[in-house]
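Peer 1: any chance you could fold what I've pasted below:
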Amino acid sequence: NEYKILFEIMSPDKTIKVLVVGNVNGNIKQLCTRVNNVNRKNGPFQLLLIAGRVLGSDLESWVSLRSGSLTLDVPAFILGPDTVEHVPYYQHLENGQVADNVTYLGRRGVYTTTGGLSIAYLSGKYDTDPTGKAHVYSQCDLDILRAQSGVLNGVDILINGEWPADVTRHVKTDGITVPEGVAPISELATVIRPRYHFVAGPYYERLPYRNHRILHERAQYCTRFISLDTVGNKEKRKWLYAFNITPMKHLSDELLRKQPVETSENPYITLEQEKHAAEDRKSQHFYAIGDKRKGEEGRGGGEKKNDKSSCWFCLKSPNVEKHLIVTVGTHMYLALAKGALRTDHIMIIPTSHVKCQQFLSPDQHQEVSTFKKALCKMNRSLHKATTVFFERSVSTSHLQIHCIPVPKGRINDVKDAFYDFAEKYKLEIQEVPGDDPDWMDVIPASTDYFVAEMENEDKLIFLCPQRVRFPLQFGREVLASEQLLNTPHRVSWKACQQSPDQEGHDAKRFWEAFATFNPFADDDSDD
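Peer 2: From the prediction side, this is the model:
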């Protein structure tokens with residue numbers, strides 16, 4: 001029995017029939033024969049997803065597919081290359097078309113069918129250094145894919161070639177040799193919550209796992225993890241999987257969240273906790289600066305002693321990137337953000353070493369307020385935009401207040417976007433009105449936080465106890481979402497770095513635009 005029909009609770013008119021296979025490894029002729037037979041007997045199927053490698057050492061069948069000698073009766077969607085040798089065969093494909101009825105999805109993204117089925121896809125193999133490698137993906141690609149999932153609050157299907165790490169935790173493995181797995185894939189699955197997760201490898205169907213903690217969180221739908229074997233494998237393990245699915249957008253919450261008879265805990269929770277601990281130790285340039293949190297005292301207790309000379313933001317440090325600086329005040333300065341969300345994405349930064357707004361002196365607070373008012377005035381005047389500010393004290397040792405213009409027409413969407421993403425990451429929000437000067441009293445001593453501030457000074461505060469993993473790109477992810485700037489490809493600052501010359505050019509342009517609004521213009525001219 002090489003395939004299986006799985007029926008769910010669904011509305012008949014919205015049902016989509018799907019076929020999925022694992023690695024093809026060049027056995028395209030056998031794939032076409034089998035898929036076409038299944039479609040003829042049990043179809044019609046709306047789409048075929050290939051969750052692994054298509055090409056093998058023998059390229060004859062690939063040539064036959066492209067020329068039309070081999071055909072598929074079901075619209076097929078394939079992933080990209082996972083070896084450097086196969087990269088040339090995916091280049092220069094017009095609109096991703098491999099052949100009639102065969103489409104290359106791309107490196108990563110979310111494809112939504114006309115019937116509303118959302119399919120997240122990721123091509124290649126994981127690599128921490130993707131430079132010059134078209135057959136791999138990196139953390140940057142994962143960040144972008146996570147952002148592209150946006151506020152969908154989950155996807156119907158995720159396909160990729162590699163196993164997630166620890167997916168077999170809490171369940172039996174039926175004697176298979178379990179691949180080592182990739183931890184970033186586990187994290188991705190935790191965040192985007194696919195209803196079905198297909199990968200290539202030894203055949204294995206995992207017991208569905210829950211995407212919520214019983215008695216602690218509202219019930220969510222479950223995820224079914226399925227690994228499919230290689231087409232035509234000698235052991236005759238299952239490589240073709242067929243099922244019916246109704247897109248989640250067409251299901252009521254009650255039907256979507258209905259739990260199968262047998263489920264397990266989420267296998268990645270422990271992995272997430274371990275990753276959180278690792279992130280607290282990891283040094284991240286510009287958006288997560290170093291392991292400088294140990295021994296740090298709470299609000300009012302002063303700052304811990306550390307090596308300020310190595311800080312990227314202290315104005316007197318040799319590491320500060322001076323070409324990014326726009327203007328300098330008495331206690332604070334403005335600098336262009338590294339890997340900016342847009343060319344006028346600016347940060348307000350203390351000239352001296354201060355971890356977060358909780359440690360600012362009254363004079364420093366006043367100067368922050370002065371800069372904020374000037375930036376808001378400039379953005380209203382020049383860009384017809386409202387200004388959103390955010391600060392994250394998690395995994396950083398020097399305060400950065402990000403200042404991002406958002407089109408004025410979307411001013412009413414800003415809070416909604418933060419609430420939507422808070423629900424996605426299961427974060428709690430405390431909203432403080434702008435006329436409350438004591439907003440920091442909401443934050444307990446020694447507790448990290450994230451705060452987003454609107455132009456009217458209303459604030460959304462997210463507390464980040466050490467046991468809770470806070471997504472480090474949260475602010476960028478919200479601002480880059482379709483609701484606001486619609487630039488999901490810019491979520492990861494590493495994905496949109498520029499050369500120092502281009503950064504310097506953008507900083508100079510901002511300085512020129514800011515000149516008439518700059519409250520410290522005289523100080524700049526004195527320099």
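
Peer 1: longest helix anywhere in this protein?
Peer 2: helix 362-383 (DSSP state H).

Peer 1: which helices and strands does that helix pack with?
Peer 2: strand 332-336, strand 346-350, strand 385-392, strand 401-407, helix 500-514 (3 or more C-beta pairs under 8 Å, 6 or more residues apart in numbering; DSSP states H and E). (Glycine included, C-beta is placed from N, CA and C.)

Peer 1: could you dump these to JSON lines with distance to residue 183, mean neighbour count and mean pLDDT?
Peer 2: Formatted as JSON lines, those follow (distance: least, C-beta to C-beta, whole Å; neighbours: other C-beta atoms under 10 Å; pLDDT from 0 to 100):
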{"stretch": "strand 332-336", "distance to residue 183": "33", "mean neighbour count": "25", "mean pLDDT": "95"}
{"stretch": "strand 346-350", "distance to residue 183": "31", "mean neighbour count": "25", "mean pLDDT": "96"}
{"stretch": "strand 385-392", "distance to residue 183": "23", "mean neighbour count": "23", "mean pLDDT": "96"}
{"stretch": "strand 401-407", "distance to residue 183": "28", "mean neighbour count": "22", "mean pLDDT": "96"}
{"stretch": "helix 500-514", "distance to residue 183": "32", "mean neighbour count": "16", "mean pLDDT": "92"}
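
Peer 1: between those, which one is closest to residue 486.
Peer 2: Nearest of these to residue 486, taken as C-beta to C-beta: strand 401-407 at 9.7 Å.

Peer 1: could you give the angle of that closest one to strand 332-336?
Peer 2: 50 degrees (axes from the mean of the first three to the mean of the last three C-alpha atoms, to 10 degrees).

Peer 1: note down every partner strand of strand 401-407 and its orientation.
Peer 2: Strand 401-407 pairs in its sheet with strand 346-350 (antiparallel), strand 385-392 (antiparallel), by DSSP bridges.

Peer 1: now the element after that strand, going C-ward?
Peer 2: helix 414-424 (DSSP states H and E).

Peer 1: which residues does the helix or strand following that next one contact?
Peer 2: Sequence order places strand 430-432 as the next helix or strand after helix 414-424, per DSSP H and E. Contacts with strand 430-432, where a contact means C-beta atoms under 8 Å, 6 or more residues apart in numbering, come from 439, 442, 458, 459, 460, 461, 462, 463.

Peer 1: any idea how far the third one is from residue 411?
Peer 2: Spelled out, it's residue 458. 11 Å (C-beta to C-beta, to the nearest Å).

Peer 1: looking at the helices and strands packed on helix 362-383, which is closest to residue 215?
Peer 2: strand 385-392 (30.0 Å).

Peer 1: okay, the angle between that closest one and helix 362-383?
Peer 2: 140 degrees.

Peer 1: only C-alpha atoms, please: export strand 385-392 in PDB.
Peer 2: Extracted in PDB, the C-alpha atoms of strand 385-392 (Å, rounded to 0.1, in the frame of the first residue of the first chain):
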ATOM      1  CA  ALA A 385       3.800  59.300   8.200                       C
ATOM      2  CA  THR A 386       3.200  58.400  11.800                       C
ATOM      3  CA  THR A 387       6.200  57.300  13.800                       C
ATOM      4  CA  VAL A 388       6.400  54.000  15.800                       C
ATOM      5  CA  PHE A 389       9.100  53.500  18.400                       C
ATOM      6  CA  PHE A 390      10.300  50.300  20.000                       C
ATOM      7  CA  GLU A 391      12.900  49.100  22.400                       C
ATOM      8  CA  ARG A 392      13.900  45.600  23.400                       C
END
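
Peer 1: now it against helix 414-424, angle please.
Peer 2: Using the same axes, to 10 degrees: strand 385-392 against helix 414-424 is 30 degrees.

Peer 1: which residues touch residue 452?
Peer 2: Counting by C-beta under 8 Å, 6+ apart, residue 452 has contacts 388, 389, 390, 418, 459, 460, 475, 478.

Peer 1: among those, which one sits closest to residue 245?
Peer 2: residue 478 (29.5 Å).

Peer 1: so where's the stretch 201-350 of the chain uncertain?
Peer 2: 216, 270-309 (pLDDT under 70).

Peer 1: which stretches in it count as helices?
Peer 2: Along the stretch 201-350 of the chain, counting by DSSP state H, counting those that start in this stretch, helices occupy 253-256, 269-281.

Peer 1: what about stretch 450-469, how long is it end to end?
Peer 2: 12 Å (C-alpha to C-alpha, to the nearest Å).

Peer 1: how about that stretch: buried residues?
Peer 2: 450-455, 457-464, 468-469 (16 or more other C-beta atoms under 10 Å).

Peer 1: pLDDT averaged over stretch 117-132 - what is it?
Peer 2: The pLDDT scores in stretch 117-132 average 93.

Peer 1: could you export that stretch as PDB, CA atoms only?
Peer 2: Extracted in PDB, the C-alpha atoms of stretch 117-132 (Å, rounded to 0.1, in the frame of the first residue of the first chain):
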ATOM      1  CA  LEU A 117      -4.600  26.300   0.900                       C
ATOM      2  CA  SER A 118      -1.500  27.900   2.500                       C
ATOM      3  CA  ILE A 119       1.800  26.000   1.800                       C
ATOM      4  CA  ALA A 120       5.000  27.100   3.400                       C
ATOM      5  CA  TYR A 121       8.100  25.800   1.600                       C
ATOM      6  CA  LEU A 122      11.900  25.800   2.200                       C
ATOM      7  CA  SER A 123      14.500  24.500  -0.300                       C
ATOM      8  CA  GLY A 124      18.000  23.200   0.300                       C
ATOM      9  CA  LYS A 125      20.000  22.300   3.300                       C
ATOM     10  CA  TYR A 126      20.700  24.300   6.400                       C
ATOM     11  CA  ASP A 127      24.000  26.200   6.500                       C
ATOM     12  CA  THR A 128      25.200  28.800   9.000                       C
ATOM     13  CA  ASP A 129      27.200  30.400   6.200                       C
ATOM     14  CA  PRO A 130      25.200  30.600   3.000                       C
ATOM     15  CA  THR A 131      27.500  33.100   1.200                       C
ATOM     16  CA  GLY A 132      27.700  32.100  -2.500                       C
END
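
Peer 1: buried sites along it?
Peer 2: By neighbour count with 16+ other C-beta under 10 Å, stretch 117-132 contains the buried residues 117, 118, 119, 120, 121, 122, 123, 124, 126, 130.

Peer 1: from the chain's centre, how far out does it sit?
Peer 2: How far stretch 117-132 lies from its chain's middle: 12 Å, per C-alpha atoms, centre = their mean, to the nearest Å.

Peer 1: now do stretch 21-34
Peer 2: Distance, centroid of stretch 21-34 to centroid of chain: 32 Å (C-alpha atoms, centre = their mean).

Peer 1: need the contacts of strand 430-432 in JSON lines (columns: pLDDT).
Peer 2: Converted to JSON lines, these look like this (pLDDT from 0 to 100):
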{"residue": "439", "pLDDT": "87"}
{"residue": "442", "pLDDT": "85"}
{"residue": "458", "pLDDT": "93"}
{"residue": "459", "pLDDT": "94"}
{"residue": "460", "pLDDT": "95"}
{"residue": "461", "pLDDT": "94"}
{"residue": "462", "pLDDT": "92"}
{"residue": "463", "pLDDT": "88"}
